[in-house]
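>>> No sequence on hand, only this structure:
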């Protein structure tokens, strides 16, 4: 842990987790072993970050979100409240013979949330999905497939609904942003 970070007294942070400078971890959050969290991050109340998760710099994860094993969250990502980055497409507690599955018997899929992307509240991202740079996922979405850069997806299952600028504003058909007055490449 880093002495220049804030960790609430009720947070449970593994001694093998790496926490960057100026990161804030709020009450009742759990950060598991070998998780890496970058600098200037805000980890909200009751967030669960599983073992071996990688979180970049300047990331904001809102209350009650769950980021499971193998997830990669790049720099500048926003994750809204109650978001789940799932890691098993076909979860089962038991094997065919009724015995409890061990961690070695799980088939874990990876999720990558690219730089600057935003994930709306109550969204679920399924395994083996990459969310493109500066894309935006609407609240309550279930993302089952890869999302391209600067794309706006929402729904269940999430579908394409246009493009957004790096600033977050919806782009017109010429990929022009009326807010920051730039064309998106």
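Yep, that arrived. It should be emphasised that the depicted structure is a prediction, and the values quoted were computed from it without experimental measurement.

>>> and the gap between the residue in the chain sticking out farthest from the centre and residue 105?
Relative to the centre of the chain, and counting by CA atoms, centre = their mean, the farthest-placed residue is residue 97 at 34.6 Å. According to CB to CB, to the nearest Å, residue 97 stands 12 Å off from residue 105. Glycine gets a C-beta too; all of them are placed from N, C-alpha and C.

>>> any weak-confidence spans in this structure?
1-3, 185 (pLDDT under 70).

>>> Now residue 107: closest residue in space, sequence neighbours ignored.
residue 88 (6.7 Å; CB to CB, 6 or more residues apart in numbering).

>>> Burial check on the one you found, number of neighbours?
Residue 88 has 14 neighbours, counted by other CB atoms under 10 Å.

>>> That one: what's it in contact with?
Counting by CB atoms under 8 Å, 6 or more residues apart in numbering, residue 88 makes contact with 106, 107, 108, 109, 127.

>>> nearest to residue 145, of the residues you listed?
Checking the contacts of residue 88 against residue 145 with CB to CB, the nearest one is residue 127 at 11.5 Å.

>>> Please report phi then psi for residue 56.
phi -80, psi -160 (degrees, to the nearest 10).

>>> Numbering from 41 from now on, please.
All right, first residue 41 from here; so that's residue 96.

>>> Excluding chain neighbours, give the residue nearest to it in space.
In space, residue 96 is closest to residue 115, 3.8 Å off (CB to CB, 6+ apart).

>>> Now tabulate the contacts of residue 128 in TSV and tack on distance to residue 217.
Shown next, in TSV, are the contacts of residue 128 (distance: CB to CB, whole Å):
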residue	distance to residue 217
146	42
147	41
148	38
149	34
167	33
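
>>> Would you mind listing which of those are buried?
149, 167 (16 or more other CB atoms under 10 Å).

>>> How many residues are close by residue 92?
Neighbouring residues of residue 92 were enumerated by other CB under 10 Å; the total is 15.

>>> That one touches residue 74, doesn't it?
Yes. The criterion here is CB atoms under 8 Å, and residue 92 meets it with residue 74 at 5.0 Å.

>>> List the buried residues in stretch 58-65.
Buried, per 16+ other CB under 10 Å, within stretch 58-65: 59, 60, 62, 63, 64, 65.
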